[in-house]
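**Student:** Provided below for reference: sequence and predicted model.
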Amino acid sequence: MAMSLCDDTLLCNFTKCRTKLSGFAWVTACSHIFCDQHGSGEFSRSPAICPACSSALSGKLDIVRTELSPSEEYKAMVLAGLRPDIILDISARAMAFWSYQVHQEHMYQEYNMSRAEAQLKQMEKVLTQQNHSRELELSAMRGEITSLKKVMEEYKRKYSEVSERLMERNRQYQKLQGLYDSLRLRNMVVGVGERDMLLQPGHHSFKSGVAQQATPQRSPVFSSVGRDGDSQFFSCLEANGAKTFFQFSSPALEKGRPFIKKH
């Protein structure tokens, strides 16, 4: 904050200090003032150099340690006996020193403010760029979300079609399964009936290790009974019409006859 002429305190001109002055202070001929701590440390070396402007302070009165709040006795005697023009000259130089300090403080604060404004503008520029990039990213993400929604709708449509097809296939499968079960049940019933017929008395089944070969076409068979009671079967397709195709003996007479009589 800038200082005014009515301010009753000055600040240490040491860059790293900048504290309000009180008690004793070090005043230089180059119009700078320092706190007692930094003045004692800086001006103890020879030659003395002003920490604010790097001016050489080699004169006897170039550096003065002064009391900022002098006693009433000191104020009554420090300018006593001096001519008015000297008193006014001393006062004018003291006022010029004070005005310079106020002006320097004002300039320093303006410099800090301008630097803060530049930093603020830079930060606003960076923030604007970041916001712009974020807006671009947000727009890209919105577009991607829109495209993903379209893809999701397409997948939903395909899923619905596949679900309908699957339901139709399931219905067909259930229908075919029902037909298969009914056919298998009917075949089981037919097989059981045939087995019962085979197991009935008087029904003969011939079993052998060799598979029976059925004659695809058989000639008409005629039977004749001989004098011995044998049953003879003749085929009408024989060349001489007299040769026997199959000849079976009667079960009642088979025990008494070792051989079948041929004609």
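**Tutor:** Arrived safely.
**Student:** could you pull out the helices for this structure?
**Tutor:** 36-42, 72-77, 84-198 (DSSP state H).
**Student:** Just tell me which of these ends up closest to Arg65.
**Tutor:** helix 36-42 (7.0 Å; Cβ to Cβ). Yep, even glycine has a C-beta here, placed from its N, CA and C like the rest.
**Student:** Which elements pack onto the closest one?
**Tutor:** In terms of contacts (3 or more Cβ pairs under 8 Å, 6 or more residues apart in numbering; DSSP states H and E), helix 36-42 is packed against strand 24-28, strand 63-67.
**Student:** just these: most buried one?
**Tutor:** strand 24-28 (a mean of 20; mean count of other Cβ atoms under 10 Å).
**Student:** neighbouring contacts of that one?
**Tutor:** 10, 12, 33-36, 38-40, 43, 50, 55, 57, 62-68, 97 (Cβ atoms under 8 Å, 6 or more residues apart in numbering).
**Student:** Describe which strands that strand pairs with in its sheet and in which direction.
**Tutor:** When sheet partners are counted by DSSP bridges, strand 24-28 sits next to strand 33-35 (antiparallel), strand 63-67 (antiparallel).
**Student:** Relative to Glu164, which of the ones you listed is closest?
**Tutor:** Nearest to Glu164 among the strands paired with strand 24-28 is strand 33-35 (91.1 Å), distances taken as Cβ to Cβ.
**Student:** Report the buried residues of that closest one.
**Tutor:** Ile33, Phe34, Cys35 (16 or more other Cβ atoms under 10 Å).
**Student:** how far does it sit from the chain's center?
**Tutor:** Centroid separation for strand 33-35 versus its chain: 61 Å, with Cα atoms, centre = their mean, to the nearest Å.
**Student:** what's that strand in contact with?
**Tutor:** So strand 33-35 is in contact with 10, 12-14, 17, 19, 21, 25-28, 42, 51-52, 101, going by Cβ under 8 Å, 6+ apart.
**Student:** which of those tops the neighbour count?
**Tutor:** Greatest neighbour count in the contacts of strand 33-35, by other Cβ atoms under 10 Å, goes to Asn13: 27 neighbours.
**Student:** Now for the residue most central in space within the chain: which residues touch it?
**Tutor:** Centroid check for the chain by Cα atoms, centre = their mean gives Met141 as the closest residue, at 13.5 Å. Applying Cβ under 8 Å, 6+ apart to Met141 gives no contacts.
**Student:** what do you get for Gly41?
**Tutor:** Counted by Cβ under 8 Å, 6+ apart, Gly41 has zero contacts.
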